[in-house]
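Trainee: I would like to see how this sequence folds:
(one chain, ligands or ions: 1)
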Amino acid sequence: MTRFGLKLSASLVALALVAGGPAAAAEEVEVLHWWTSGGEAAALNVLKEDLESKGVGWQDMPVAGGGGEQAMTVLRARVTAGNAPTAVQMLGFDIQDWAQEGALADLNELAASENWDTVVPAALQRFAKHDGKWISAPVNVHSTNWVWANKKIFDELGIAQPNTWDELVAALTKIQDAGYVAVAHGGQAWQDATIFDAVVMSVGGPDFYKAAFIDLDPDALGGAQMTEAFQRMETLRGFVDENFSGRDWNLASAMVIEGKAGLQFMGDWAKGEFLKAGLTPDQDFLCFRFPGTDGTVTFNSDQFAMFSVGTERRDAQVKLASSIMAPSFQSAFNVVKGSVPARTDVSDADFDACGKKGMKQLAAANDAGKLFGSMAHGHAAPASVKNAIYDVVTAHFNGEFDAATAAEELVNAVDAAQ
Ligand code: BGC
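Mentor: The predicted structure is shown next:
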């Protein structure tokens with residue numbers, strides 16, 4: 001709240017300066033985001049510096065909290081107060097919700113002049129456009145069904161990359177028996193849900209994932225496969241350390257980086273932390289898909305939704321959108337962030353082994369019809385449904401329900417949220 005107050009008064013001061021005379025009206029964007037970890041901040045710097053090189057100032061509005069829930073709460077307060085930021089980091093259905101409210105700007109002129117329609121895949125346009133209008137600029141594609149492992153621990157214990165659920169459980173048992181934390185995890189609803197994305201996919205494959213999280217089919221949400229998914233979550237719960245509750249995701253990454261834990265189940269923003277710590281893929285850490293989900297990708301895309309702002313901020317806003325969409329920027333940014341470009345025409349030359357793998361797998365999953373929006377990161381269902389699923393998954397992970405009851409609760413919660 002303090003930060004909010006401070007920022008608010010800072011922008012009032014800026015406004016007063018602008019009103020004071022045209023000479024003071026330097027171009028500036030105010031950007032609300034939740035990129036506050038080391039790797040995230042390093043990636044954000046690529047964008048800040050790019051804009052600054054074009055003479056556009058950056059007013060930072062960071063709201064900590066992985067997955068962006070807190071950021072969305074602060075955003076609502078800002079818009080309600082009639083003081084929307086220039087641009088806001090946003091995921092999937094949230095973008096569409098704001099567009100529906102009529103709060104977002106129209107980027108069609110820029111999009112047409114830069115051919116966004118042809119270079120941005122349909123899976124992202126589905127969120128970046130509303131009623132035929134471009135309303136946000138997609139900066140990347142992340143995916144949630146990844147595993148990040150400490151290679152030294154794997155080598156020391158003679159563990160090969162697990163390819164099935166049973167192999168995964170055997171590997172985790174070995175790591176735990178050797179005295180390491182097997183699974184580095186932070187007990188926060190969005191992190192529990194991130195693992196659940198992969199677990200649901202591993203139990204029932206693409207058809208089940210789609211039926212449950214995208215079609216919200218009660219038979220899938222409450223059936224035997226969902227009970228099995230919850231049972232798998234219970235198994236994983238047996239491999240986290242006793243201090244997992246409330247831990248931030250980047251601190252869980254640090255446990256793997258520092259050789260305290262064997263692996264982390266997390267989206268590829270985790271790679272940003274490994275790189276920031278000076279680690280190299282295949283040499284210090286391993287990246288592979290959650291066992292049993294090979295060939296499928298559960299994705300989320302960070303986009304910068306552009307709010308309707310007055311004419312005095314419009315030029316800077318358009319420059320921001322144009323910078324985000326530039327192929328060179330999409331490469332430079334995503335190399336650091338751990339994600340892959342939102343454009344299909346960007347070379348993988350500058351990406352490391354995990355990035356190259358990610359780009360190939362994304363394209364292949366897209367071609368095979370095995371690319372699905374991440375439930376945990378707002379690309380499968382609207383926030384109301386997502387939050388209802390979060391509640392059940394977290395309550396179950398913390399032992400409130402058994403697996404069969406959790407599946408029943410899931411049906412009820414999703415029904416009530418629609
Ligand atoms: C975002 C990532 C971010 C992660 C953790 C995800 O929802 O898409 O960009 O790094 O949350 O904060």
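Trainee: so Val31, which of the three states?
Mentor: The three-state label given to Val31 by DSSP: H, G, I helix; E, B strand; the rest coil is strand.
Trainee: Contacts for stretch 404-418 next, please.
Mentor: With CB atoms under 8 Å, 6 or more residues apart in numbering as the test, stretch 404-418 has contacts from 216, 218, 221-223, 226-227, 230, 384-385, 387-389, 391-393, 395-396, 401. C-beta here means a position set from N, CA and C on the backbone, and glycine is covered the same way.
Trainee: Please disregard the earlier target; I meant stretch 104-118.
Mentor: Residues outside stretch 104-118 that contact it (CB under 8 Å, 6+ apart) are 95, 98, 125, 128, 130, 132-137, 305-309, 314, 317-318, 321-322, 325.
Trainee: still on that earlier bit, so among the contacts of stretch 404-418, which ones count as buried?
Mentor: 216, 221-223, 226-227, 230, 385, 387-389, 391-393, 395-396, 401 (16 or more other CB atoms under 10 Å).
Trainee: from those, which are also near the ligand?
Mentor: Applying CB under 6 Å from any ligand atom, the subset of the buried ones among the contacts of stretch 404-418 adjacent to the ligand is empty.
Trainee: Just the ones in helices from those residues, please.
Mentor: Applying DSSP state H to those, the entries found in helices are 221-222, 226-227, 230, 385, 387-389, 391-393, 395-396.
Trainee: excluding its backbone neighbours, what's nearest the residue in the stretch 1-150 of the chain that the ligand sits nearest to?
Mentor: Of all residues in the stretch 1-150 of the chain, Gly66 sits closest to the ligand, with a separation of 3.5 Å (CB to the nearest ligand atom). Counting by CB to CB, 6 or more residues apart in numbering, Gly66 lies nearest to Trp249, which is 4.7 Å off, once chain neighbours are set aside.
Trainee: Distance check, the one you found against the ligand.
Mentor: From Trp249 across to the ligand, the span is 6 Å (CB to the nearest ligand atom, to the nearest Å).
Trainee: got a pLDDT number for that residue?
Mentor: At Trp249, the predicted lDDT confidence score is 98.
Trainee: Does it touch Met266 like I think?
Mentor: Yes: using CB atoms under 8 Å, Trp249 is in contact with Met266, at 6.1 Å.
Trainee: How is this structure partitioned into domains?
Mentor: Recorded structural domains for the chain (assignment: automatic domain parsing) are 7-142+299-353, 146-298+374-417.
Trainee: mean pLDDT lowest for which of the ones you listed?
Mentor: Mean pLDDT is lowest for domain 7-142+299-353 among those, at a mean of 92.
Trainee: which residues are common contacts for Trp249 and Met266?
Mentor: Contact with both Trp249 and Met266 is made by residues Gln191, according to CB under 8 Å, 6+ apart.
Trainee: sorry, back to before: quick one: residues contacting the residue of the stretch 1-150 of the chain closest to the ligand.
Mentor: Trp34, Ser37, Gly186, Gln188, Trp190, Gln191, Asp248, Trp249, Asn250.
Trainee: Neighbour-wise, which one of those leads?
Mentor: Ranked by the number of neighbours (other CB atoms under 10 Å), the contacts of Gly66 place Gln191 first, at 26 neighbours.
Trainee: hmm, the lengthiest helix in the chain touching the ligand?
Mentor: Ranked by residue count under DSSP H, the longest helix found in the chain is helix 189-209. No: figure legend: helix 189-209 not in contact with the ligand (CB under 6 Å from any ligand atom); closest approach 7.4 Å.
Trainee: Tell me which other helices or strands that helix touches.
Mentor: Under the contact definition 3 or more CB pairs under 8 Å, 6 or more residues apart in numbering; DSSP states H and E, helix 189-209 sits against helix 224-237, strand 261-265, strand 297-300, strand 371-373, helix 383-397.
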